[in-house]
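**Student:** structure, please.
(chains A and B)
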Amino acid sequence: MRKILSGIAIGALLSLLRAPLGIEFLQWPAVDARTAYGYRALALGLAACALWGARVRSLSTLWLVAITVGYALHGLVLANLWSPSGHLSLWITGLAASAAVILARPARRDPAAAADEAIETTPFLAMIGIAIAAAGVAISVEASARHVRLFGAGLAQDDSLFGTVLLLGIVIGSAAFGWVARAPKSRGLAVPIALSAAAAGGYAALRVITSAATTRGLDQYLRAYGLDTSLHGTLVYDALMSASCFVVPALFIGAALAGVRSREELFSMLLGAAIGLFVVPSLFDVNAATADTDKILFSAQLIPLALLIAVSGAVLAILAVSVRGTVARWTGVACALAPCALLFVFTVRPQFVLSPWHNRLVMPFLARDTPEGFLTVEPSRGGVNVATLDRRVLTPGTDAVEADALRLMLAIETLPPARRMKGAIRVLLIGQLTPPRAIVLGDSNATRIDRSAAWWPSMAAIEQQMFASTPLPDGEILAPAEARRRIERGDYDLVVVPSVAGDAPVPTSLRAPEKTVVVAWLDCDEPLPRQSIGERVILSANGLDDPCLGVTLHAFTDGSSLRMLAAGESHAAPMPLRRLMLRTFDRQCEGRAAAAERLHDAARGGPDEDLTAGLAIFYRAQVHSSPYESTADQVELPLEALDHFERSALARSPDVFERRLWEKLGRVLVGKRWIEEIYRYVEPVAQRHAPWPMLEHVLARADIEALEPESAIARLTKLTELEPGRFEHWYFLAEALLQAKRERDAADGYKRALALQPDNTGVKRKLAVLLVQLGDSEGARIAEELLIEDPDDAELLELLGRDTSDGNPPDGDPHEH
Amino acid sequence: MKLSFVAVSMSVAVLAFAGGEVTAQIERLDLARMLAKSDNSLIGTIVGKDVIRIDHPVDGPELYFTTLTVQGTSLKDGKALTVDITFPGGFIDNENGVYNSEAPSADDIKTGNRVVVFYKWSENMGGDLAANALYASHGGIYRTFDNRKDVVVQGRGEGYATSANVSLTQLKQDVQRLAKK
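**Tutor:** Numbers count the residues shown, from 1 in each chain, chains lettered A, B, ... in the order given. Prediction:
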């Protein structure tokens, strides 16, 4: 029983000692590699010391099962309930778990075992050899794991599952091959040989990674197991991908652990693995120093290096064994060296795992492995370049640029008015600077923009790709330590942390002098942190898209136009295992709904109750829609949510958030063609807060749908006076006039619209048809112009009284496709 | 045949069922053509919805079809009717089903919606399913709403049976006039 408890404690220790996002203020968007790898190495090191202290001299399969259970229990079940959030709590947790292992050791020593142990002591040189071999294995497994991580959703729960699968593989390896390693003839040889083979297992992982790194390859690979790419980031998908990559190394590691016969061997193996893990980030330091792409080291290229290290260690360990004869030792050396053949057979090339689950080819402008992970700059769907780190999008893509800009503007709003008016605002951006971000901050009178984050050594290269010939704003790229120093010195008016998709950072690390305002944005797609996020937060969304909460420090919020809401208390944390059962879209909806429900709970009885209730109902109602539906049709719009939004809007003057919300609702209602709902919900709000041009436009569109053109004409005429530069007003005014059979006026409306968008072929065509019908010769002239662009336009040819080129009528028989 | 850019962009993509074979076609329609090609049309309320799965030895596995039960009156003669109308696609539950690019949107087929539908009997919609097929899939169903004077049928643009919004009274008159021809 004590053995099981100790094993569970070690497993939990391995899961607990992971540095969370936001462990330090400067590590909100990503954790510094040395911190991340340092704590994982510390976990292995503490496990080595604890097992040494507990006088454990071998890890039986039962031990390994207990370790796996402990790891999975925390990582997949309890992680969202409690995990260490700072350096102190990580150290205390590590030491407490180690102490628990030592204290749980058998109280009385078995005399026979003690005697056996005395015989089984390992020579020091062999210990060194095993430690080196284990370091090689750790590097090899980590090299594979860095690729496996790219196949997942980039969340801590994915990492937990990958780790659990690796441990399960080790358990199976121990159970299946342990007898070979424990056989008397394997004494002194099994552990080094198995370690050497485990390091070579990276080659097997690479084969899987290579075949699954393309969209077609991944699809075929998944289909062979009855899965598909829509399951990306879910339990079965993650389990399959990690099992495929880890199976070979895990089986050999299991065999090696089963072959351990002394405390020294076990200690040196775990300590060696810890050291191997610890040095991984240093291996990528070369990448930051070079701009030469040929000299960049990629994760895949660590595998041959790791194999060489492991083989060297294994050979040293075997040669140092004193209990075996010469023949046995040299046979062992030959076996340990055998995997080196792979170095000559296979040429290892960099493997780019670029979201192959997307049905889109990603062509990055920049792709390099950094200590923090795989970094790219690539075009997003829509064309805007984005930076990614381990496939987490660090900067907004085309769809999210507007929401990101809004958040930056809201952050500026948190400065005291006097400071804003003064101008020359000094900003520290903890994240990646992009051209849109530079423009927004520049337009807000930010004259200096320093930036820092965990990937700061690569920032210059990213900015080079992002900005190209666009001049960079004044400011520097800072190492986190320097940025911290400047924050403490009060160099900044505003420190802003843009939101990054993925796990929520720990919010407790926000710290700055009183005169520095801090705004850190939390994405709502994943569960909000358990820790307090302050009493009030800024709510921001682009309508209803990209909802984010702004955690603030020293912010000025009195009388500002910000929507500040009570932050509320953390809800029951969803179990990672349950979240892994959900597809990405469902996880996103659940995260947003949970955040809105938390805000709603905090807003009960207050002025924000209706708004937050509407948001909670709205986000909870979203379901996966047909990809063939229009964008508006893909939005679920429960009437109950609209009731709440309407009550909220009628109760007080709308702020920036509510204005965008209603404009989004208007666009969705028009897109859905829910005419009755437009009159029911939009009309009262538009009347209460008139003039609201966007909502008036929505009502005019509804009038056209309702065959009430006169009402639409009245609304749109006013709108064209109010906003003469808006194409949409003129175009729909023309449509309404046409519906009212005022063709001449409609033609004038089309002309005004065309003046604003001279290249709009659709309007030009409508105008041409209308003018020809009115007998205006200008119509024929415009039609001729259009025919130059499209000589086969059958309708225009018919309009001009010409035959269509193929002899068929313009709207002829069914056309097979 | 070549269709112009506008014609193509505004054409209705439909699944037409000819003989026993399912053939995907783009078909440009207007009300007259729709009435000529369909068996009947009705204005009514969607009172039921059901999705079935067929695994067929020839047509293949996992064929999903959605059947709407529409209760209303014929546009041609005003007779009361309750008709089951089927189209390809749909989901039995969250995991089992298929999205069909030509299927009506979820908003179009909500239970309780008052719609105008055009349908035609098909001996084999695929997987040996004989049913009243929603003619031209999403091009065969039109939502309605009340304006201040009448019921408005929402048109779908050029190339559809009802291209622009029209009052139900007007549509009925048009249908009855065309039916007499």
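**Student:** and the helix or strand encompassing residue A:89, average pLDDT?
**Tutor:** Element membership for residue A:89 (DSSP states H and E) is helix A:87-103. For helix A:87-103, mean pLDDT is 92.
**Student:** and for stretch A:27-43?
**Tutor:** 96.
**Student:** now do stretch A:553-560
**Tutor:** Mean pLDDT, stretch A:553-560: 82.
**Student:** so which residues make contact with that stretch?
**Tutor:** Taking contacts as Cβ atoms under 8 Å, 6 or more residues apart in numbering or on different chains, the residues outside stretch A:553-560 that touch it are A:413-417, A:510-512, A:514-519, A:534, A:536, A:538, A:564. Glycine gets a C-beta too; all of them are placed from N, C-alpha and C.
**Student:** could you redo the last one with a cut-off of 10 Å?
**Tutor:** When contacts are defined by Cβ atoms under 10 Å, 6 or more residues apart in numbering or on different chains, stretch A:553-560 is touched by residues A:25, A:410-411, A:413-420, A:494-495, A:507, A:510-520, A:534, A:536, A:538, A:562-564, A:655-656.
**Student:** using CSV, write down the CA coordinates of that stretch.
**Tutor:** What follows is stretch A:553-560, C-alpha atoms only, in CSV (Å, rounded to 0.1, in the frame of the first residue of the first chain):
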residue,chain,number,x,y,z
LEU,A,553,-4.3,47.2,-12.0
HIS,A,554,-4.4,50.9,-11.1
ALA,A,555,-6.9,51.5,-13.9
PHE,A,556,-8.9,54.7,-14.1
THR,A,557,-12.5,53.6,-14.7
ASP,A,558,-14.7,56.3,-13.2
GLY,A,559,-16.9,57.9,-15.7
SER,A,560,-15.1,56.1,-18.6
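**Student:** in it, which residues are buried?
**Tutor:** For stretch A:553-560, a neighbour-count test (16 or more other Cβ atoms under 10 Å in any protein chain shown) marks A:553-556, A:560 as buried.
**Student:** and the longest helix seen in chain B, what does it pack against?
**Tutor:** In chain B, assigned by DSSP state H, the helix with the most residues is helix B:168-180. For helix B:168-180, the contact count by 3 or more Cβ pairs under 10 Å, 6 or more residues apart in numbering or on different chains; DSSP states H and E identifies helix B:31-37, strand B:40-56, strand B:60-74, strand B:114-122, strand B:141-146, strand B:151-153, strand B:166-167 as packing neighbours.
**Student:** state the next helix or strand along the chain beyond the third one.
**Tutor:** In the C-terminal direction, the helix or strand that comes right after strand B:60-74 (DSSP H and E) is strand B:80-88.
**Student:** check whether that next one comes near chain A.
**Tutor:** No - in terms of Cβ under 10 Å from any Cβ of the partner chain, no part of strand B:80-88 sits within range of chain A; the closest distance is 12.3 Å.
**Student:** that strand: what's the following helix or strand?
**Tutor:** Next helix or strand after strand B:80-88 toward the C-terminus (DSSP H and E): strand B:90-91.
**Student:** quick one: mean pLDDT for that next one?
**Tutor:** Averaging pLDDT along strand B:90-91 gives 95.
**Student:** please, where are all the strands along chain A?
**Tutor:** Remark: strands assigned in chain A by DSSP state E are A:366-370, A:373-379, A:385-389, A:392-393, A:425-430, A:446-452, A:494-497, A:517-523, A:536-542, A:545-553, A:564-566, A:815-816.
**Student:** now do the buried residues in the longest one.
**Tutor:** Across strand A:545-553, burial judged by 16+ other Cβ under 10 Å covers A:546-553.
**Student:** in the stretch 301-450 of chain A, which residue sits closest to chain B?
**Tutor:** residue A:359 (14.0 Å; Cβ to the nearest Cβ).
**Student:** what pLDDT does that residue get?
**Tutor:** 82.
**Student:** try residue A:741
**Tutor:** Residue A:741 is given a pLDDT of 94.
**Student:** settle this for me: it is touching residue A:709, isn't it.
**Tutor:** Yes - counting by Cβ atoms under 10 Å, residue A:709 is a contact partner of residue A:741 at 8.5 Å.
**Student:** which of the strands of chain A sits most buried?
**Tutor:** With neighbours defined as mean count of other Cβ atoms under 10 Å in any protein chain shown, the strands of chain A peak in mean count at strand A:494-497, which reaches a mean of 27.
**Student:** could you give the bridge partners of residue A:450?
**Tutor:** Per DSSP bridges, the residues bridged to residue A:450 are residue A:428.
**Student:** now it: how far from residue A:441?
**Tutor:** 11 Å (Cβ to Cβ, to the nearest Å).
**Student:** between the two, which contacts overlap?
**Tutor:** In terms of Cβ under 10 Å, 6+ apart, residue A:450 and residue A:441 are both contacted by the residues A:427, A:429, A:433, A:473, A:475.
**Student:** list just the nearest of those residues to residue A:570.
**Tutor:** Nearest to residue A:570, judged by Cβ to Cβ, of the shared contacts of residue A:450 and residue A:441 is residue A:429 at 27.7 Å.
**Student:** pretty sure the closest one sits against residue A:407.
**Tutor:** No - taking contacts as Cβ under 10 Å, residue A:429 lies outside contact range of residue A:407: 11.9 Å.
**Student:** so what's the residue nearest in space to the middle of chain B up against?
**Tutor:** Central residue of chain B (Cα atoms, centre = their mean): residue B:140, 2.6 Å from the mean position. When contacts are counted by Cβ under 10 Å, 6+ apart, residue B:140 touches B:12, B:14, B:29, B:34, B:38, B:41, B:85, B:87, B:102, B:104, B:115-120, B:133-134, B:160-161.
**Student:** mind redoing it with 8 Å?
**Tutor:** By Cβ under 8 Å, 6+ apart, residue B:140 lies in contact with B:34, B:38, B:85, B:87, B:117-119, B:134, B:161.
**Student:** and what of residue A:621?
**Tutor:** Here residue A:621 is in contact with A:636-638, A:641 (Cβ under 8 Å, 6+ apart).
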